[in-house]
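In: Any chance you could fold what I've pasted below:
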Amino acid sequence: QIVTTIALETTQTFTLTVILDGCSNEDEVTVVVSDELYATASADPESICPNETSTLTVTASGGTGELTYLWEPAEYIDGDNTLQNVTTIELTESQEFTCIVTDESGAYYPATVIVTVKQLPTANAGDDIHVAYNVQATLVAELVEGAEYHWEPVEYIDGDPDQQIVTTIALETTQTFTLT
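Out: As a prediction, this is how the structure comes out:
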């Protein structure tokens, strides 16, 4: 006959007594209750620029026996998605990742982490400028609150190239400047 226990929270030993024709015999069975399976997922870094990657890690405790891992969505994982530590592909938009941790008894725990893809700042160096031979030009980047600026090539900038507004040296040839 099959007997089902209540949901156990601790290890419990059960004694079976079988009686037949006035004689009895006993046996014991121990139901070992493992610590509850638990997992957390993390990303390093959690916030990236477009076309960058992040390393995802799941940390698990409890459960019975060896643990297995399955990261989803698999199409955003670079390589094997059944490892404890994985790397994303180059992401272009924010993505939620879930790692399902399963123990030998079939118990599972989903751990979720979000990798946020930041928006690229506007880099607007303005319209082309025409100046006379051997004259300086003033370069003005579009203002982006809280942003840092850098102009290239620095050898043609008169002063600090890391400003929103810069002045070139006197130019004798056409130059292309890059704002980052």
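In: use CA for all of it now, contacts and neighbours both
Out: Noted.
In: Run the chain-centre distance for stretch 138-146.
Out: Averaged C-alpha coordinates place stretch 138-146 at 32 Å from its chain's average position (CA atoms, centre = their mean, to the nearest Å).
In: how long is that stretch end to end?
Out: Taking CA to CA, to the nearest Å as the measure, stretch 138-146 stretches 22 Å from start to finish.
In: If you average the pLDDT over that stretch, what comes out?
Out: Mean pLDDT, stretch 138-146: 92.
In: Show me the contact partners of it.
Out: With contacts defined as CA atoms under 8 Å, 6 or more residues apart in numbering, stretch 138-146 is touched by Pro121, Thr122, Ala123, Asn124, Ala125, Gly126, Gln164, Ile165, Val166, Thr167, Thr168, Leu179.
In: Output those as JSON lines; include the columns distance to Val115, secondary structure and pLDDT.
Out: Output for the contacts of stretch 138-146, formatted as JSON lines (distance: CA to CA, whole Å; DSSP: H, G, I helix; E, B strand; the rest coil; pLDDT from 0 to 100):
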{"residue": "Pro121", "distance to Val115": "18", "secondary structure": "coil", "pLDDT": "90"}
{"residue": "Thr122", "distance to Val115": "22", "secondary structure": "coil", "pLDDT": "87"}
{"residue": "Ala123", "distance to Val115": "24", "secondary structure": "coil", "pLDDT": "91"}
{"residue": "Asn124", "distance to Val115": "27", "secondary structure": "coil", "pLDDT": "93"}
{"residue": "Ala125", "distance to Val115": "30", "secondary structure": "coil", "pLDDT": "92"}
{"residue": "Gly126", "distance to Val115": "33", "secondary structure": "coil", "pLDDT": "91"}
{"residue": "Gln164", "distance to Val115": "31", "secondary structure": "coil", "pLDDT": "93"}
{"residue": "Ile165", "distance to Val115": "34", "secondary structure": "strand", "pLDDT": "92"}
{"residue": "Val166", "distance to Val115": "36", "secondary structure": "strand", "pLDDT": "93"}
{"residue": "Thr167", "distance to Val115": "40", "secondary structure": "strand", "pLDDT": "92"}
{"residue": "Thr168", "distance to Val115": "40", "secondary structure": "strand", "pLDDT": "91"}
{"residue": "Leu179", "distance to Val115": "28", "secondary structure": "strand", "pLDDT": "86"}
